[in-house]
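Q: coordinates for the following, if possible.
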Amino acid sequence: GRVLREVYLQIPELTSRPTFIGDLSFGDDGLLWGVTGTDGTVFALNPDNLEVVKYQRLYPGKTHANGFRPYYIRWGQDGYMYTNVSNKLIALDTETFEYKTLLSESVNLFDLDPVGNIYYGAGTRLKKLPILISSAALSGDKEVVSLGDTLNLELKTLLSNGVEISSDYLQIDYLIGDEE
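A: Purely as a prediction, here's the structure:
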């Protein structure tokens, strides 16, 4: 292939020219999203002309190079962008640019599983930041169960990110009757 177009990132408020751009990823909005360690900036480009449509400097005045690793972008089922821009793991609303820092420790590598749990590297350890359960409802196919009868149970679990999961992701221990 050949390079069709080359542009410099045009964000006038940046404290210095970015030394590199991390991950690039298309959002559901059709924009090409990117991150750079210069001022911890998240930006969106028009994919047709590569012009900056919108951006946010999350950490103005702080420039952090990530060495040989790019910063990453992952999209959650909850609609948030997850990124480790400036080595801070955040969940970002790309409409409002409001964000929440998820961990106080530095994060170089991370990924999301299909339900929203976050796995990340911390030194030589792999860690998991589990998504919280918002609600769970257990229902049975009978209102009354007699001794020796069977009961089919269904568990509906809603995670805090709005994703409903099956009981395949959970360990369930049932206790029927009085514990002795």
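
Q: find the residue at the geometric middle of this structure.
A: Among the residues of the chain, Y82 comes closest to the average C-alpha position under Cα atoms, centre = their mean, at 3.3 Å.

Q: and the nearest residue to that residue once chain neighbours are set aside, helix, strand or coil?
A: With sequence-adjacent residues excluded and distances taken as Cβ to Cβ, 6 or more residues apart in numbering, Y82 is closest to R74, at 4.5 Å. C-beta coordinates here come from the backbone N, C-alpha and C atoms, glycine included. On the three-state scheme (DSSP: H, G, I helix; E, B strand; the rest coil), R74 is labelled strand.

Q: against L126, how distant is R74?
A: Using Cβ to Cβ, to the nearest Å, R74 is found at 16 Å from L126.

Q: out of the two, which sits in the more crowded spot?
A: Applying other Cβ atoms under 10 Å to R74 and L126 shows that R74 carries more neighbours, namely 15 against 10.

Q: quick one, what contacts the more buried one?
A: S25, M81, Y82, T83, F110, D111, L112 (Cβ atoms under 8 Å, 6 or more residues apart in numbering).

Q: kindly recompute the last result at 10 Å.
A: By Cβ atoms under 10 Å, 6 or more residues apart in numbering, the contact list for R74 reads D23, S25, Y80, M81, Y82, T83, N84, F110, D111, L112, I118.
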